[in-house]
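> Got a predicted structure here, sequence first:
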Amino acid sequence: MSLSHALMTSLLEKSSSGYDLARRFDKSIGFFWRATHQQIYRELARMEKAGWISSEAAPDGGRTRKRIYEVLDAGRAELERWVREPAEPQDQRDELMVRMRADAVIGPLGLEAEIQRRMAQHAVKLQAYRLIEARDFPADKTLTREARIQHLILKTGIMYEMGWLNWSKEALKVLQETDHSSQAG
């Protein structure tokens with residue numbers, strides 16, 4: 001996925017300034033696609049040059065350099081083209097898995113603290129996702145198609161964090177075992 005497609009999606013949801021877009025991005029798409037504010041501003045300039053978006057001075061009487069961005073027809077066409085392209089799943093790349101393999105080969109290396117640190121991070125993120133779910137997708141409310149899709153995206157994050165927490169608990173149990181007599185040969 002390219003940053004430009006993520007930004008156009010956000011801008012189609014709501015035209016906004018680069019600053020407001022970056023803040024909104026951090027609170028939504030930023031959960032699964034990271035970008036710094038500098039990257040966002042550079043990409044906005046590139047997209048405007050490509051004719052995918054346009055900007056105009058914010059209605060603040062010229063007191064700031066703030067610009068409001070919106071997606072043009074060419075940008076919408078590019079987003080639609082990109083959405084229809086096949087996308088390969090991303091391979092997992094996590095140093096912890098290599099460290100676990102090293103622990104399996106060398107012996108106990110004390111990875112418990114790192115796993116507990118990560119568990120705490122995943123627990124915090126899971127709590128944040130659960131709060132968003134309770135706030136934005138109450139069980140007693142009928143949701144629009146758009147809201148149901150957004151809820152599905154959030155559920156992916158919830159399942160991901162729960163998966164990491166479950167894996168971490170199992171990993172801690174295995175790492176704490178001291179009996180090495182059942183090693184695979």
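That came through fine.

> Now do the buried residues in stretch 66-84.
Going by neighbour count (16 or more other Cβ atoms under 10 Å), the buried part of stretch 66-84 is 67-69, 71-72, 75, 78-79. Just so you know, the C-beta spots here come from the backbone N, C-alpha and C atoms, and that holds for glycine as well.

> Next step: these restricted to strands.
Residues of the buried residues of stretch 66-84 located in strands (DSSP state E): 67-69, 71.

> ok, back up a step: as JSON lines, the buried residues of stretch 66-84 with pLDDT and distance to Asn166 would be great.
Formatted as JSON lines, these follow (pLDDT from 0 to 100; distance: Cβ to Cβ, whole Å):
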{"residue": "Arg67", "pLDDT": "87", "distance to Asn166": "45"}
{"residue": "Ile68", "pLDDT": "91", "distance to Asn166": "44"}
{"residue": "Tyr69", "pLDDT": "93", "distance to Asn166": "41"}
{"residue": "Val71", "pLDDT": "95", "distance to Asn166": "40"}
{"residue": "Leu72", "pLDDT": "95", "distance to Asn166": "45"}
{"residue": "Gly75", "pLDDT": "95", "distance to Asn166": "41"}
{"residue": "Glu78", "pLDDT": "94", "distance to Asn166": "39"}
{"residue": "Leu79", "pLDDT": "94", "distance to Asn166": "36"}
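
> Now the residues you listed in JSON lines, please, with extra columns for distance to Arg117.
Putting the buried residues of stretch 66-84 into JSON lines (distance: Cβ to Cβ, whole Å) gives the following:
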{"residue": "Arg67", "distance to Arg117": "41"}
{"residue": "Ile68", "distance to Arg117": "41"}
{"residue": "Tyr69", "distance to Arg117": "38"}
{"residue": "Val71", "distance to Arg117": "40"}
{"residue": "Leu72", "distance to Arg117": "45"}
{"residue": "Gly75", "distance to Arg117": "41"}
{"residue": "Glu78", "distance to Arg117": "41"}
{"residue": "Leu79", "distance to Arg117": "38"}
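
> how about the residue nearest the centre of the chain, phi and psi?
Geometric centre of the chain, nearest residue: Phe32, 1.1 Å, by Cα atoms, centre = their mean. In terms of degrees, to the nearest 10, the main-chain angles of Phe32 are phi -130, psi 0.

> What residues does it make contact with?
153, 156-157 (Cβ atoms under 8 Å, 6 or more residues apart in numbering).

> Could you list the domains of this structure?
What automatic domain parsing lists as the domains of the chain is 3-84, 95-175.

> average model confidence for the last one?
Right, the one you point to is domain 95-175. The average pLDDT for domain 95-175 rounds to 93.

> quick one: the helices in the protein?
3-13, 18-27, 37-50, 73-84, 95-106, 112-136, 145-175 (DSSP state H).

> Tell me which of those is the most buried.
helix 3-13 (a mean of 20; mean count of other Cβ atoms under 10 Å).

> how close does Gly110 get to Gln176?
Relative to Gln176, Gly110 is positioned 11 Å away (criterion: Cβ to Cβ, to the nearest Å).
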